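Undergrad: Below are the sequence and a predicted model for it; my questions follow.
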Amino acid sequence: MFSYCTDPSTLDGAAWLSCYLTSGKHMMFYASFGTVLLLLAVTAPMALLFGFGGAVASRSSFLPLMLFGKLYTSIVRGVPDIVFFLFFVIALDQGIEWLRHQALCPDWTAPIRQGSDFLVCPAAKMPQSNSPQFWHEAYNFALAVVTFSIVFGAFASNVLYGAMRAVPKAQLETAHAYGLSDRQTFWRILVPQMWVYALPGLGNLWMILIKATPLLFLLGIEDIVYWARELGGSKTTIYAYPHPDWRIYYFLFLLVFYLCFTRVSEIVLERMTRRLSRGQATMAGEEQRRAA
């Protein structure tokens, strides 16, 4: 980045460190923090959408829909996260390529399954081998978003289902007594009031989601954990910036980052809880009324 960084071997002290911290790989390390934040920004609303759908399905009076919601919540929650991530990503990737293979290569005669290999025609590969690196990374990121959303959507479904059951039944009966239909009662009475009961559980899920972002490393995405390990490992003189094993410093930096991020999240969640508790028949709402 700096003009004096053309020959790192001639540098020492602060000049060497400034060039080291602004090298190309370090810029990719800094950009990987944006990847993590983007994953959280996209996954959180998608997981909440999956969870809301699962909760609504679980309380449905239509038996097949209710069974689907219950099975989705139970099965995904019952499988260890790391197992689900490693299995589902491979299954989803192969499923997409199999569908493309059936559509684009109907004349293909060789078996797709050949021992442990999964071989489809070149046109069915996702993404294409000659595609720019950006599309490979975007495809892996999309698979990660879908996987994270399904996993954490199952936990959110259980939280929202419990929150819906926590809304006082008398309020729903009163709404019906005033002539509201089931749909109006659901959207105008149940949904607005359930969030105050759901927020503690959803807040815990948000914290777990933050701590689960290092799993991106297992999915082949160059995230902050990948770069911390890559940059912190010992480098010999064949590298431009040789140094001993500095991984402890890189991972200590990640520790501080996650602690600060979770602390900011706690402050935001506390404010959201106070805001949603206003006028509610809960202990927090009663405390606010007494204080007023």
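TA: Arrived safely. Residues are numbered from 1 along each chain as shown.
Undergrad: Asp223 contacts Leu216, correct?
TA: Yes. Asp223 is within contact range of Leu216, at 4.0 Å (criterion: C-beta atoms under 8 Å). In this view, the C-beta of every residue, glycine as well, is placed from N, C-alpha and C.
Undergrad: Below-threshold pLDDT in the chain: ranges please.
TA: 1, 279-292 (pLDDT under 70).
Undergrad: can you give me the helices for it?
TA: Taking DSSP state H as the test, the helices found in the chain are 13-21, 24-58, 63-78, 81-104, 133-166, 169-177, 182-185, 191-212, 224-232, 247-276, 283-291.
Undergrad: closest to Ala123 out of the ones you listed?
TA: Proximity to Ala123 (C-beta to C-beta) singles out helix 81-104 among these, at 4.6 Å.
Undergrad: which parts of the closest one are buried?
TA: 81, 84-85, 88-89, 94, 97, 100-101 (16 or more other C-beta atoms under 10 Å).
Undergrad: Report how many residues lie close to the closest residue to Arg247 other than its chain neighbours.
TA: Distances taken as C-beta to C-beta, 6 or more residues apart in numbering place Gly232 nearest to Arg247, at 3.4 Å, with adjacent residues excluded. Gly232: 20 surrounding residues under other C-beta atoms under 10 Å.
Undergrad: Tabulate the helices of the chain (JSON lines), appending distance to Lys125.
TA: Formatted as JSON lines, those follow (distance: least, C-beta to C-beta, whole Å):
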{"stretch": "helix 13-21", "distance to Lys125": "38"}
{"stretch": "helix 24-58", "distance to Lys125": "24"}
{"stretch": "helix 63-78", "distance to Lys125": "28"}
{"stretch": "helix 81-104", "distance to Lys125": "6"}
{"stretch": "helix 133-166", "distance to Lys125": "10"}
{"stretch": "helix 169-177", "distance to Lys125": "52"}
{"stretch": "helix 182-185", "distance to Lys125": "46"}
{"stretch": "helix 191-212", "distance to Lys125": "29"}
{"stretch": "helix 224-232", "distance to Lys125": "24"}
{"stretch": "helix 247-276", "distance to Lys125": "34"}
{"stretch": "helix 283-291", "distance to Lys125": "54"}
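Undergrad: from what I can see Met44 touches Ile210, true?
TA: Rather than Met, residue 44 is Ala. No. Look at Ala44 against Ile210 with C-beta under 8 Å: they stay out of range, at 9.8 Å.
Undergrad: For the two, indicate the residue with more neighbours.
TA: Ala44 (19 against 16).
Undergrad: Fine by me, we can end here.
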